[in-house]
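> predicted model and sequence follow; I will ask about them next.
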Amino acid sequence: MIEKVNPAHPDKVADRIAGAIVDLAYSKNENPKVAVEILIGHGKCNIIIETSEEFKTEEIKEIVKRIVGDIEIDLLVVKQDVYLASNQVGKLRCGDNGIFKGVPLTEAQKELSKIARNIYEKFPYDGKYILDKDKLIICQSNAKEEDLREFYPNAIINPLGYWTGGINVDSGAVNRKLGSDMADSVTGGGLHGKDLSKADVSVNIYAFKKAQETGKVVAISCAIGDETIDGKPYSEIVEEAKNYIKEIGGFEEFAKWGLY
């Protein structure tokens, strides 16, 4: 049993904006420190950025406009805390305490991921989908039931009928759809809106990928300042995560669907 939401869901819109800001930070510095929080909905986007980098207000406005159009923006940019910043001086160390569990994907989870992507290609609007054994539930905004029924004749489709969605109907916040992003994998933090020094990003990616490769559950805990995790230098884990993010096209792309 699994639920997926698509990139137009309000929570994923928040993740995408946060990811785009992290991409911007990496365009300024090879190893930036950045953490982004977004709350968006009903005509307003609230953004808090803690960072080592300098951002121009216009740069942030351009990102938000590209993703959601014209909207009121409340922006606060502050420097990263000096004590947290000192953790990374001279050597790459784990950026936070955390627990992480990577779990191999089931065939049902892989199948729902394909279904969600297929529907989104045809209907690029807010939507969420559930697969529970043979029961497929499709809640897709701005789509007629008969159009969806053509592709998924046995699904439960929009139980309350036609609906519109998006950020003018519902609010969205960063890292609120981790179940959709990670399936059965577990984390004490969130995947999105952070640089790769943060264990919430790099160790989650590492644990998830290792679980898929080995077919076994991977459970890891770490403390801020750790230089070795799961028997590997933390710098190697970060490098693996960096390569993964590059392969999929950046942090904004990562935010669209999560880890699968």
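Received it, and whenever you're ready, just let me know what you need.
> what's the longest helix in this structure?
helix 10-28 (DSSP state H).
> show me which residues of that one are buried.
Within helix 10-28, the residues that count as buried by 16 or more other C-beta atoms under 10 Å are 10-26. Using the backbone N, CA and C atoms, a C-beta is placed for each residue, glycine as well.
> quick one: terminal-to-terminal distance for stretch 245-253?
Stretch 245-253 has an end-to-end distance of 8 Å (C-alpha to C-alpha, to the nearest Å).
> so for that stretch, mean pLDDT?
For stretch 245-253, the mean pLDDT works out to 98.
> return the set of buried residues in it.
Within stretch 245-253, the residues that count as buried by 16+ other C-beta under 10 Å are 245, 250-253.
> redo the residues you listed as JSON lines? Include distance to Gly231 and secondary structure.
Shown next, in JSON lines, are the buried residues of stretch 245-253 (distance: C-beta to C-beta, whole Å; DSSP: H, G, I helix; E, B strand; the rest coil):
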{"residue": "Ile245", "distance to Gly231": "23", "secondary structure": "helix"}
{"residue": "Gly250", "distance to Gly231": "29", "secondary structure": "coil"}
{"residue": "Phe251", "distance to Gly231": "27", "secondary structure": "helix"}
{"residue": "Glu252", "distance to Gly231": "32", "secondary structure": "helix"}
{"residue": "Glu253", "distance to Gly231": "30", "secondary structure": "helix"}
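> what would the residues you listed look like in JSON lines with distance to Thr57?
Output for the buried residues of stretch 245-253, formatted as JSON lines (distance: C-beta to C-beta, whole Å):
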{"residue": "Ile245", "distance to Thr57": "26"}
{"residue": "Gly250", "distance to Thr57": "22"}
{"residue": "Phe251", "distance to Thr57": "20"}
{"residue": "Glu252", "distance to Thr57": "19"}
{"residue": "Glu253", "distance to Thr57": "24"}
